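> Have a look at this prediction, sequence included:
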Amino acid sequence: MKNKVILLVEDNQDDVKLTLRALRKSNILNEVVIASDGVRALDYLFGTGEHAGRDTRSMPQVILLDINMPRLGGIEVLQRLRSDERTKLLPVVVLTTSNEDADRVESYRFGANSYVRKPVDFDQFAKAVQQLGLYWLVLNEAPR
């Protein structure tokens, strides 16, 4: 399980720290690549920009994607992922504070595999992250 990379796309540094802490608390020790906005996430996935030359044959096991970010938001990232053969099957979990019905509908419309609203309470958040990790990193069998 440790060699399966998680791509965390999150612009709020407090939420990044909280997610990393919840992963550690759940004994999920996978490498976590952090992209602070949608542009950086796409650069990582497609080996462009600051990630030019990255071996793009190696993709994350799961992407944890925030919706509301500067430069390029989560919905636009989803659209780009689902329109490219290299990334159209990557599991994407929208992990957001948004409780807007429109965000949930758009996320699923553009191919999100799951939509999870971040609980405010850390213990609840840690439990949600543990369940996500168990499912996406252990139980789920991703396509090759």
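Arrived safely, thanks for sending.
> Flag the shaky bits of the protein, pLDDT-wise.
Along the chain, the parts satisfying pLDDT under 70 run over 1-2, 119-120, 142-144.
> Residue nearest the middle of it, spatially speaking?
Among the residues of the chain, the one closest to the centroid is Leu64, at 1.6 Å (C-alpha atoms, centre = their mean).
> so Val93, which of the three states?
Under DSSP: H, G, I helix; E, B strand; the rest coil, Val93 falls in the strand class.
> Next, count neighbours for it.
19 (other C-beta atoms under 10 Å). The C-beta positions use only the backbone N, C-alpha and C, and glycine is treated the same way.
> What are the phi and psi values at the nearest residue to it once chain neighbours are set aside?
Spatial nearest neighbour of Val93, chain neighbours left out: Ser114 (4.5 Å); criterion: C-beta to C-beta, 6 or more residues apart in numbering. Main-chain dihedrals, Ser114, degrees, to the nearest 10: phi -160, psi 150.
> ok, Ser114 - how many residues close by?
16.
> Distance of it relative to Thr56?
Look at Ser114 and Thr56: by C-beta to C-beta, to the nearest Å, they are 24 Å apart.
> Then Leu45?
Computed as C-beta to C-beta, the Leu45 to Thr56 distance reads 7 Å.
> which residues do those two both contact?
Common neighbours of Leu45 and Thr56 (criterion: C-beta atoms under 8 Å, 6 or more residues apart in numbering): Arg86.
> Of those two, give the one with the bigger neighbour count.
Set Leu45 next to Thr56 and count neighbours by other C-beta under 10 Å: Leu45 wins out with 25 against 14.
> part of a helix, is that one?
Yes - counting by three-state DSSP, Leu45 falls inside a helix.
> got a list of what it touches?
Taking C-beta under 8 Å, 6+ apart, we find Leu45 in contact with 7, 56, 59-60, 81, 86-87, 90.
> Pull the most distant pair out of these.
Spatial extent of these (C-beta to C-beta) is set by the pair Leu7 and Arg86 at 13.7 Å.
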